[in-house]
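Asks: Give me the fold of what follows.
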Amino acid sequence: MHTRRTRCPGLASREILESNMSLPRPDAPTLDDDVAQPDDELVVETVRRARAPQPAEPSGTDGEQLDLADRQSLRRIGGMSTELTDITEVEYRQLQLERVVLVSVWTTGSQVDVENSMAELRLLAETAGSDVLEGLVQRRAIPDPATYIGSGKVAELRDVVVATGADTVICDGELSPAQLRNLEDKVKVKVIDRTALILDIFAQHAKSAEGKAQVELAQLNYLKQRLRGWGGNLSRQAGGRAAGGAGIGGRGPGETKLETDRRRINSRIARLRSALRDMDGTRETKRAERRRHQVPSVAIVGYTNAGKSSLLNRLTGAGVLVEDALFATLDPTTRRSATVDGRVFTLTDTVGFVRHLPHDLVEAFASTLEESAQADLLLHVVDGSDPDPEGQIRAVHDVLSEIGAGEVSELIVINKADLATPEAIATLRSRHRDAIVVSARTGEGFDDLRRTIEGRLPRPEIEVHVLIPYERGDLLDRVHQAGELLTTEHTGEGTLVVARVNGDLAGELAPFERRTVDPTVRGG
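Replies: Numbers count the residues shown, from 1 in each chain. Reported below is the predicted structural model:
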């Protein structure tokens, strides 16, 4: 076995351990080609430790950012390993970062694709609160059904864990219960998969009662099939002396600890679903009120950390938390806005998407994601500075199709123009000709964005010619807010109005209808 070193963008170094075979060159065919690929290679990537993030100065459009200050008021200590032994005295415990090793299986795609995937997994791990030490990528046709990376490579993974002093292994994929158990038994440290990692980040960032309930529901659905414990704890039956010394009257077939835990989880899931249905009733009432007044809705969707909250702050001054981190905001925020001609519409900031978004999360956040499916227009925010923006666009489209929002009108907004290269912007514009290029930090392109949103909003279809009495100023106000005002003229009897409105408002204006209007009168 010999070792050769190569350089890799975004990573400090990469050691390729070869046994009889070598990794294909970057220009070699991928697994998608009809070329036999080796399945016993392991790429060990030593990941450069990220510097401690510096809190960004909030811009004027982001407000005071009190939520961000609260989140950063207690920071974790880097450079310290998590203690593997129990410390019972609270005063000796320290807030520390877990030391993790990342593991991925390269099945399809190019070398650039797998490097982008590992870079994203590293960001997820650091967001959850860990110190990433190394990343291991193995080339295989399919993941090993028993140990994910194969028994031979598990031994090499164990050596890396021992050498680095890592206490956690994170796998870039959803592992079966058997794979988790087998890996933990062999590497002797905690093993979690990508789904558990994302759920942990959601649990840290959820703030509202609905958001916390949705995350807990997703975690319990995930945990229900992955209950495990030490030794025979989960197979021990309650009965006889095992039932806390119950003795006579406590004997019988009993119930295993595993069955008891699973039953309690199912009961908790039922209570959470009931509570979420009640919360969804409140959200549906607000939606029904907007539909009754026929207020157009715009939903801001996109990949996590693409700048959706910054975009909402710039458009409405909402003051939503803004942080350069994955899944910084989970709870949807709806704000009212208006067009130049006075039409009112709503803007909603939704939860960010990510590649391979866990199905349990999609199911748990169904009521929140419905905001996107029921919107009149989707603002699809894309990070123009990301190395793989097209991959992000595909991932967002996959989730939108899954939640039934694939047919909603979409406007792609390329954000972070101040950080993206001109070549990257030009490439995106060539593939998405209707896209708008903006920078939420500098305000570049937002006048064009506002005009485009106004042009894409649904317009009232019924034209009315009415004379509204002065004592019915409420009707005139509704015409300004929900309709499109064409002409006005103030007369001795009232305000003569020509406007386009929706059906409900047209019915209320019918008693005041007039057919004679001076077409030369404009403004008012």
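
Asks: Verify the contact between A206 and D331 for me.
Replies: Yes. A206 is within contact range of D331, at 7.3 Å (criterion: Cβ atoms under 8 Å). All C-beta atoms are positioned from the backbone trio N, CA, C, and that covers glycine.

Asks: okay, stretch 413-426 in CSV with CA atoms only?
Replies: Output in CSV follows, covering the C-alpha atoms of stretch 413-426 (Å, rounded to 0.1, in the frame of the first residue of the first chain):
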residue,chain,number,x,y,z
VAL,A,413,-34.2,35.1,-7.5
ILE,A,414,-30.4,34.8,-7.6
ASN,A,415,-29.2,36.2,-4.3
LYS,A,416,-25.7,37.1,-3.0
ALA,A,417,-24.7,38.9,-6.2
ASP,A,418,-22.1,40.8,-4.1
LEU,A,419,-20.3,37.5,-3.4
ALA,A,420,-20.9,35.5,-6.6
THR,A,421,-18.5,35.8,-9.6
PRO,A,422,-19.8,37.4,-12.8
GLU,A,423,-19.2,34.1,-14.6
ALA,A,424,-21.4,32.2,-12.1
ILE,A,425,-24.2,34.8,-12.5
ALA,A,426,-23.9,34.7,-16.3
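
Asks: From the chain's centroid, how far away is that stretch?
Replies: Averaging C-alpha coordinates over stretch 413-426 and over its chain gives two centres that are 21 Å apart (Cα atoms, centre = their mean, to the nearest Å).

Asks: buried ones in that stretch?
Replies: By neighbour count, with 16 or more other Cβ atoms under 10 Å as the criterion, the buried positions of stretch 413-426 are 413-417, 420, 424-425.

Asks: Looking at those residues, which one is closest to F512?
Replies: Using Cβ to Cβ, the shortest approach to F512 within the buried residues of stretch 413-426 belongs to V413, at 41.0 Å.

Asks: OK, contacts around the closest one?
Replies: Contacts for V413 were tallied using Cβ atoms under 8 Å, 6 or more residues apart in numbering; they are 311, 379-382, 435-436, 438, 449.

Asks: what are the bridge partners for it, then?
Replies: In this structure, V413 bridges to V381, I436 when assessed by DSSP bridges.

Asks: Do you know the pLDDT at it?
Replies: According to the prediction, V413 has pLDDT 95.

Asks: Roughly how far does it sit from V161?
Replies: Note on V413: its distance to V161, by Cβ to Cβ, to the nearest Å, is 43 Å.

Asks: Run through this protein and note the low-pLDDT ranges.
Replies: Within the chain, the stretches with pLDDT under 70 are 1-96, 228-256, 290-293, 367, 515-524.

Asks: So which residue is smack in the middle of it?
Replies: For the chain, the residue nearest the mean C-alpha position is G352 (2.8 Å; Cα atoms, centre = their mean).

Asks: A306 is in contact with that one, correct?
Replies: Yes. With contact defined as Cβ under 8 Å, G352 reaches A306; the gap is 7.0 Å.

Asks: quick one, phi psi at L330?
Replies: As for L330, its main-chain torsions (degrees, to the nearest 10) stand at phi -110, psi -40.

Asks: what residues are up against it?
Replies: Contacts for L330 (Cβ under 8 Å, 6+ apart) come out as 202, 205-207, 211, 215, 351.

Asks: Take the residues you listed and keep only those in helices.
Replies: Among the contacts of L330, the members falling in helices (DSSP state H) are 202, 205, 211, 215.

Asks: count of residues packed around the third one?
Replies: Right, G211. Using other Cβ atoms under 10 Å, G211 has 22 neighbouring residues.

Asks: Now L102. Nearest residue, chain neighbours left out?
Replies: Ranked by Cβ to Cβ, 6 or more residues apart in numbering and with sequence neighbours excluded, the top spatial neighbour of L102 is G135, at 4.1 Å.

Asks: Would it be right to say that the one you found lies in a strand?
Replies: Yes. With DSSP: H, G, I helix; E, B strand; the rest coil as the criterion, G135 is part of a strand.

Asks: What is the neighbour count of it?
Replies: So G135, with other Cβ under 10 Å, has 25 neighbours.

Asks: you'd agree I468 is in a helix?
Replies: No. Counting by three-state DSSP, I468 falls outside a helix, being strand.

Asks: re earlier: now, which of the buried residues of stretch 413-426 sits nearest V187?
Replies: Nearest to V187 among the buried residues of stretch 413-426 is K416, at 38.6 Å by Cβ to Cβ.
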